[in-house]
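Q: fold the following, please.
(one chain, ligands or ions: 3)
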Amino acid sequence: MPKPPRARAEELEKVQARFEAFLRGRQLKLTEERRGMLAAVFAQAHHFDADQLHLSLRGKGKDISRATVYRTLDLLVQSGLVRKSSFGDQHAHYEAVRHGEHHDHLICLNCHTIFEFYRPDLEELQDAICAEHGFKPLHHSHQIFGLCESCQRKGADELLLAHKVSQLHA
Ligand SMILES: [Zn+2]
Ligand SMILES: [Zn+2]
Ligand SMILES: [Zn+2]
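A: Numbering: from 1, shown residues only. Ligands and ions are numbered 1, 2, ... in the order given. Next up is the predicted model:
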C-alpha cells in the first residue's frame, strides 16, 4: 500500500537531516543538487542502478552529470541511507534504506528479477550464530541466486546458467 504523502514528506525530512549531519562530519554541505538526488533516491520504490537514476533525473530537466550521480550515491552509501549490492553482475544496484527496514534477496539469474524477503526466524538464527562466536554483527546481506517460478516453467539454458553461477562473486 503506498504511503500517504505526509508520511513520505516526514520520512524525507528525517533522511535529509541524517544526510546533512553525515555531510557536516566531512566538511561537506547539503547542496541543492545533493538534496534533489536524495529525494529522487527515496522516490524509487525498488532497486535501481546509477544510470537509470541519472536518466530519470535528466528526464525531469535536472542538469546533473553522471559523475555527480555516482559520487553522490557513494556518499549516500557511506552515510548508510542507501544500500549497494552487486547481485552477481558487473554493475551496482542501489536501494534506499527505509527507516529500520531490513530485507534479503532472491535473484533470478535468467530474468534478473529481484525478490525481497524478511524472515525473523532467519534473522534470529544469525544472531544466535554470532553470539556463539562472540561476534558482533554489523551488517549482513543474503543473496540467493536461482530461477524464479516463471523461468523454471519456461526452461532456461542450463549451460548459460552454469556459466552464470561460475561467474558469481568473480
Ligand atoms: Zn537478513
Ligand atoms: Zn526469472
Ligand atoms: Zn532490496
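Q: elements contacting the helix or strand harbouring Ala40?
A: Applying DSSP states H and E as the criterion places Ala40 in helix 32-43. Here helix 32-43 touches helix 5-24, helix 50-59, helix 66-78, strand 93-96, going by 3 or more Cβ pairs under 8 Å, 6 or more residues apart in numbering; DSSP states H and E. Where you see a C-beta, it was placed from the backbone N, CA and C, and this is true even at glycine.
Q: and the ones you listed, which is most packed in?
A: strand 93-96 (a mean of 20; mean count of other Cβ atoms under 10 Å).
Q: strand partners (parallel or antiparallel) of the helix or strand following that one?
A: Toward the C-terminal end, the helix or strand that comes next after strand 93-96 (DSSP H and E) is strand 104-108. Counting by DSSP bridges, the strands paired with strand 104-108 are strand 114-117 (antiparallel), strand 143-146 (parallel).
Q: can you redo these as JSON lines with mean pLDDT?
A: Written out in JSON lines, the entries for the strands paired with strand 104-108 read as follows (pLDDT from 0 to 100):
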{"stretch": "strand 114-117", "mean pLDDT": "92"}
{"stretch": "strand 143-146", "mean pLDDT": "93"}
